[in-house]
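**Student:** Whatever this is, show me its structure:
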Amino acid sequence: MTREFYTYVQGCTLGRESDKWIDFNLYRHQVLAHVSPEDCNGVNTDSVDGNQVSARHFGVILPWEKWELLGEKNRQSDLEFMIEPRIRFKKKKGEQGTFFIQDPSGNALEFKSFKDHKMVFEK
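**Tutor:** Modelled structure (predicted):
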């Protein structure tokens, strides 16, 4: 299930693997999936723009067009979004697209894009 989620739905390529783990190339970021069901329990959340966001999550920043395509691909896969694709700070400083999904083990993933990449780490 995890292999299919990362390869077919998210478009990752496979890296190394064993019977206990697989690593994936997620837009040139390594995501390592371990067989460790005891670690897959609830996590704390924070409120962001009225949505509850997993305090423990991994984020990937994509070019705007790739972000839009991936959001649509996730919609077509009937995946349930934690937070639907949306634009924050529209036409303002820091304008960004974001959405959150969970992998089959419950790990939260944020996919984000900025209209101006200089804003990525702007305070």
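
**Student:** Okay, the residue nearest to Val53 when sequence neighbours are not counted and Asp78: tell me how far apart.
**Tutor:** Of all residues not flanking Val53 in the chain, Asp46 sits nearest, at 5.5 Å (C-beta to C-beta, 6 or more residues apart in numbering). (C-beta placed from N, C-alpha, C; glycine too.) With distances taken as C-beta to C-beta, to the nearest Å, Asp46 is found 27 Å from Asp78.

**Student:** Repeat that for Trp64.
**Tutor:** 24 Å.

**Student:** Show me which of those two is the more surrounded one.
**Tutor:** Under the criterion of other C-beta atoms under 10 Å, the comparison of Trp64 against Asp78 puts Trp64 first, with 14 against 7.

**Student:** give the contact list for that one.
**Tutor:** When contacts are counted by C-beta atoms under 8 Å, 6 or more residues apart in numbering, Trp64 touches Gly97, Ser113, Phe114, Lys115.

**Student:** So it versus Thr2, what's the distance?
**Tutor:** 28 Å.

**Student:** Next up, phi/psi of Gly3, please.
**Tutor:** If you look again at residue 3, you'll see it is Arg, not Gly. phi -60, psi -50 (degrees, to the nearest 10).

**Student:** Distance of Phe89 relative to Met119?
**Tutor:** With distances taken as C-beta to C-beta, Phe89 is found 9 Å from Met119.

**Student:** oh sorry, the question was meant for Phe58
**Tutor:** For Phe58 relative to Met119 (C-beta to C-beta), the value is 20 Å.
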